[in-house]
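*Asks:* Generate a structure from the sequence data that follows.
(chains A and B)
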Amino acid sequence: NAGVTQTPKFQVLKTGQSMTLQCAQDMNHEYMSWYRQDPGMGLRLIHYSVGAGITDQGEVPNGYNVSRSTTEDFPLRLLSAAPSQTSVYFCASSNGQGKGTEAFFGQGTRLTVV
Amino acid sequence: GNSVTQMEGPVTLSEEAFLTINCTYTATGYPSLFWYVQYPGEGLQLLLKATKADDKGSNKGFEATYRKETTSFHLEKGSVQVSDSAVYFCALTTRSGGGADGLTFGKGTHLIIQP
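*Replies:* Residues are numbered from 1 along each chain as shown, chains lettered A, B, ... in the order given. From the prediction side, this is the model:
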């Protein structure tokens, strides 16, 4: 029962470096998304996808890129890391069958930008 | 826009105490309402949900009722256990895809249960 798998679990970057956070799900879910969790802020939506080849911006998209070439994978790219991107990142997926659909979350990637 | 307000805590209770975590919301449209729980070092998992007014969601002894007239979805449990220690998030969506195309979260309530 893999569910939603995120890698890596921890990462330290230097300012200006780039990296890709990986997310994969094995539930054949159409909908996938990325959130960031900051102290006292709850979770905020970065980008989401409603199917392969379709992505859209969420509440806080600046500094991040996404693409969705397969149903299973939804990587998040940081183009030039900044200290403000220090956060815990969660990937989520759902089957998109109505507003009451449950979202399944990965275990998170803790990113520190120094 | 959509927003969720919940008490932030930390909330510290003794084992077997009664728990209430308040949650109120504003929404454009008719939202579905959720409580998610995050145990230490883990991702979020769905605790319970309600999709229309007066619905009651329940799971693991927790309950919450969708109150449209007061725009609230308060979480309650009659007798908490040490294992309930976690961070609890109230959330809503008005989007057709449910969770993964846009949940709006509250800031989270850290619950600590002492033996």
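
*Asks:* need the residues of chain B near chain A, please.
*Replies:* Chain B comes close to chain A at residues B:4, B:8, B:31-32, B:36, B:41-46, B:49, B:51, B:89, B:93-103, B:105-108, as judged by C-beta under 8 Å from any C-beta of the partner chain. Glycine gets a C-beta too; all of them are placed from N, C-alpha and C.

*Asks:* which secondary structure elements does the helix or strand that contains residue A:93 contact?
*Replies:* Here residue A:93, judged by DSSP states H and E, is contained in strand A:87-94. Contact here means 3 or more C-beta pairs under 8 Å, 6 or more residues apart in numbering or on different chains; DSSP states H and E; on that basis strand A:87-94 packs against strand A:4-7, strand A:19-25, strand A:31-38, strand A:104-105, strand A:109-113.

*Asks:* Let's see which of the residues of chain B next to chain A end up in strands.
*Replies:* Secondary structure assignment by DSSP state E places B:4, B:32, B:36, B:44, B:45, B:46, B:49, B:89, B:93, B:105 of those in strands.

*Asks:* Filter these down to the buried ones.
*Replies:* Buried members of these, counted by 16 or more other C-beta atoms under 10 Å in any protein chain shown: B:4, B:32, B:36, B:44, B:46, B:49, B:89, B:93, B:105.

*Asks:* and the first one, what does it touch?
*Replies:* So that's residue B:4. With contact taken as C-beta atoms under 8 Å, 6 or more residues apart in numbering or on different chains, residue B:4 is in contact with A:42, B:23, B:24, B:25, B:90, B:91, B:92, B:104, B:105, B:106.

*Asks:* which of those residues lies closest to residue A:53?
*Replies:* Minimum distance to residue A:53 across those is 26.0 Å, recorded for residue B:104 (C-beta to C-beta).
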